[in-house]
Every structure is written in structure tokens, then in C-alpha cells.
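would you be able to build a 3D model of this:
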Amino acid sequence: MRKTALRAVTEMARRDPRVCFIGSDLGAGVMDDFRADMPDRLFREGVSEQHVIGMAGGLALEGKIVYVNTLATFLTRRCYEQLMLDLALYRAKVRLIGSGGGLVYAPLGPTHVTTEDMGLLRLIPNMAVVAPCDAEEMARLMPLTLDWDGPVYIRLAKGGDPVVSRTDAPVALGKAVPFEGGRDALLLTTGIGLQACLGAADLLHRDGVGVSVLHFHTVKPLDREALLAHVRDVPVVLTVEEHGIAGGLGSAVAETLAEADLPRFPRFRRIGFGDAFACHYGSQNEHLALWGITPEAIAASVAALRQGA
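Predicted coordinates for the structure are as follows:
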């Protein structure tokens, strides 16, 4: 997914002289095409993330559109004050490409696990938060970030994930993508959670349970209209995300539903990571299974919620 995102940045830079790129800890060979064609608009600043954000904000205030790439854990937590005061306060047109969001780097331990990034950035005014489900969706979303009014955080998965996005549906930042499958239950998800949700919907369909899935590639601004339209008259609603249940998509949905004038409130559950550090060393899939983010576990949660458990 990172290759797709950075390839898109290079192509946008070739078409638009406003586009600049700042990299931190890029690795050998990364962005060589950009550097060869537009060397005056590419900057390698090393492991100095707070400086990178301040620099990006300054360039943006001079009329540039700046794409920044480094690991999500360092791009979000380490730079929080700079993100808020150097970017968001001024609606600076900086696009933050966070590599390895969620549990991609789980084998490296809790220092490299990013399960609170979307929640942290949701709190910042003027900040958009985007989490594509696969490389194809990433390729379609990246050009839309070019003229977005304000900073954008783009959460990258590890890459190589199965393509599950809909290519037959229009894509727009801030607009959810529906996968219609029935009205017995509704799964709301973002990022790679879509894979597990579609798998769960398929398992439940075999048991005669109709489940629709609504994919939010944009967590902020949330597509409130689509959410409320799909929630009405559905008895069971679950959110699924590779993120802590506090602050992320589940929280955004719960906040919206709590203030909506629904004729009947559905049974509701959030699936994600609890109030704990990822101190269990293992692969991304092992961590996902530990917290119930698999097709089988999600299907079981839907069945239990339908039965009132």
C-alpha cells in the first residue's frame, strides 16, 4: 500500500508544481523517481519527525501542498503538538502518510504498534482521517487529497492485502461505501477491517442471516447521512476496526447514534482493542485474533448480539 501511495504522490507532483514531499526514515531507493525528476521538491529529513511537521507546515503556508511519509506511530504520537499548532490551526495543506498503521509492526512490540492514531487525530480540529482498505482504494483516494482544505492523515496498511474494495462505486472523501447484504445486522468498519467484515457477512449468509457492511474509508469527516440511513430499522449494529475501541470509528459512531433521533436504538457493540498496550509479541494476525477481529469471531459476536447476549 505504501508503494501505491508514494507512486501517486510522484504522479501528482509531475502534474502539479505545488506538490512537495518530505520523508523521514525512507529506506534506500524510495522516491528515487521523484528525486530524479523534481529534486528541488523532495526533502529527506531523517528521524526528526517534529521538525518535519514544522517544515511541512511552513511550506504549506507558502502555497505548497506537502506530502509527508514516515511510520504512523512516530508521525502521530511524537508530533502531536506540531500537528495541532503547525498544521491544523492554519488548515495547512499537508498530507500525512502513516506507514504501518494498526498492528503492521506488531512483531516489533508496543513501541511500533499504532492502535490510537485515528482517535488522537480525530480530536484535532480541521484534521481529516482516512484509512483505505486496500491498495486499489488507496490509488483512487490519493488524487482526491490534493485540494482538500486542511491537513489529512492517511493510515496505511502493510500492503499485499486482498483487494476487497468496490471498483464499481464512486469514491469520495467523507463518503462511506455500502456492501448491501440484508437487514438482520449491520457491520460498520474502516481500513483492513473490511476484509474481516465481508468474511463474517458471508459466514452469516450461509446461516440465513442477512448482513450489510458499510465501509468508512474516511473516519473524519464521518458520513453521518449514510450511517443513519443504514442504521434505521436494523436490530443489531457492530463496529469493527484495527484500532482501540476508544476514540476511533466505534466512538465516532456511538457519538453520532447517541445524538440522533432514532425511532428505535439498535443493539450495539464495538469490536477493537481494549484498554491495554499491545505487549503480546506476535504477528498482526495473531493480535487480530486475540481481540476478535476475524470473520469467525465477528460472526459469533453478531449471533450473540442478535440473541441478546
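
count of neighbours near residue 183?
For residue 183, the count of nearby residues is 15 (other CB atoms under 10 Å). In this view, the C-beta of every residue, glycine as well, is placed from N, C-alpha and C.

what helix or strand is it located in?
Element membership for residue 183 (DSSP states H and E) is empty, with no helix or strand holding it.

model confidence for it, exactly?
The predicted structure scores residue 183 at 95 on the pLDDT scale.

next up, the contacts around it.
With contacts defined as CB atoms under 8 Å, 6 or more residues apart in numbering, the neighbours of residue 183 are 210, 212, 233, 234.

what is the neighbour count of the third one?
Neighbourhood size, residue 233 [other CB under 10 Å]: 11.

between the two ends of stretch 78-95, how far is it?
End-to-end distance of stretch 78-95: 17 Å, with CA to CA, to the nearest Å as the criterion.

and stretch 16-29, by the same measure?
Stretch 16-29 stretches 23 Å from its first residue to its last (CA to CA).

so what touches it?
Contacts made with stretch 16-29 from outside it, assessed by CB under 8 Å, 6+ apart, are listed as 9, 12-13, 30-31, 34, 41-49, 52, 55-56, 59, 63-71, 74, 146.

give me the mean pLDDT for it.
With pLDDT averaged residue by residue, stretch 16-29 scores 89.

direction included, what does the strand ranked longest in the chain pair up with?
Criterion DSSP state E: the longest strand present in the chain is strand 236-244. Here strand 236-244 has these sheet partners by DSSP bridges: strand 185-189 (parallel), strand 267-273 (parallel).

re earlier: in helices only, show me the contacts of residue 183.
The members of the contacts of residue 183 all map outside helices under DSSP state H.

hey, C-alpha coordinates of stretch 300-308 in CSV?
Taking Å, rounded to 0.1, in the frame of the first residue of the first chain, the C-alpha atoms of stretch 300-308 are listed here in CSV:
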residue,chain,number,x,y,z
ALA,A,300,-20.1,-15.1,16.6
SER,A,301,-20.4,-11.6,18.0
VAL,A,302,-23.3,-10.8,15.6
ALA,A,303,-25.1,-14.1,16.5
ALA,A,304,-24.7,-13.4,20.2
LEU,A,305,-25.9,-9.8,19.9
ARG,A,306,-28.9,-11.0,17.9
GLN,A,307,-29.8,-13.3,20.8
GLY,A,308,-29.5,-10.6,23.3
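
just give the number of residues close to residue 47.
For residue 47, the tally of surrounding residues (other CB under 10 Å) stands at 12.

give me the pLDDT value at it.
The predicted structure scores residue 47 at 86 on the pLDDT scale.

repeat for residue 264
Spelled out, the predicted local distance difference test score at residue 264 is 89.

and the gap between it and residue 124?
For residue 264, the distance to residue 124 (CB to CB, to the nearest Å) stands at 34 Å.

do the same with residue 259
If you measure residue 259 against residue 124 using CB to CB, the figure is 21 Å.

ok, now residue 34?
Per CB to CB, residue 34 is found 28 Å from residue 124.

the two - which one has more neighbours?
Legend: neighbour count by other CB under 10 Å for residue 34 and residue 124, higher for residue 34 (23 against 20).

so that one makes contact with residue 9?
Yes: using CB atoms under 8 Å, residue 34 makes contact with residue 9 at a distance of 7.2 Å.

that older thread, for the longest strand of the chain, give the mean pLDDT please.
Per-residue pLDDT over strand 236-244 has a mean of 97.

among the contacts of stretch 16-29, name the buried ones.
Those of the contacts of stretch 16-29 that meet the buried threshold are 9, 12-13, 30-31, 34, 41-43, 45, 49, 52, 55-56, 59, 64-71, 74, 146, by 16 or more other CB atoms under 10 Å.

center of the protein - which residue?
residue 131 (1.9 Å; CA atoms, centre = their mean).

so how far is residue 303 from that one?
When residue 131 is compared with residue 303 (using CB to CB), they lie 27 Å apart.

check residue 42 too.
Relative to residue 303, residue 42 is positioned 52 Å away (CB to CB).

and if you look at residue 130?
32 Å.

the two: who's more crowded?
Ranked by neighbour count (other CB under 10 Å), residue 130 and residue 303 place residue 130 first, with 30 against 17.

so that one touches residue 216, yeah?
No: with contact defined as CB under 8 Å, residue 130 does not count as touching residue 216 (9.5 Å).

wait, residue 219 touches residue 252, no?
Yes: assessed by CB under 8 Å, residue 219 is found in contact with residue 252 at 6.3 Å.

quick one: buried residues of stretch 123-141?
Burial within stretch 123-141, assessed by neighbour count using 16+ other CB under 10 Å, is assigned to 124, 127-141.

nope, stretch 252-267 is what I was after
For stretch 252-267, a neighbour-count test (16+ other CB under 10 Å) marks 252, 253, 257, 266, 267 as buried.
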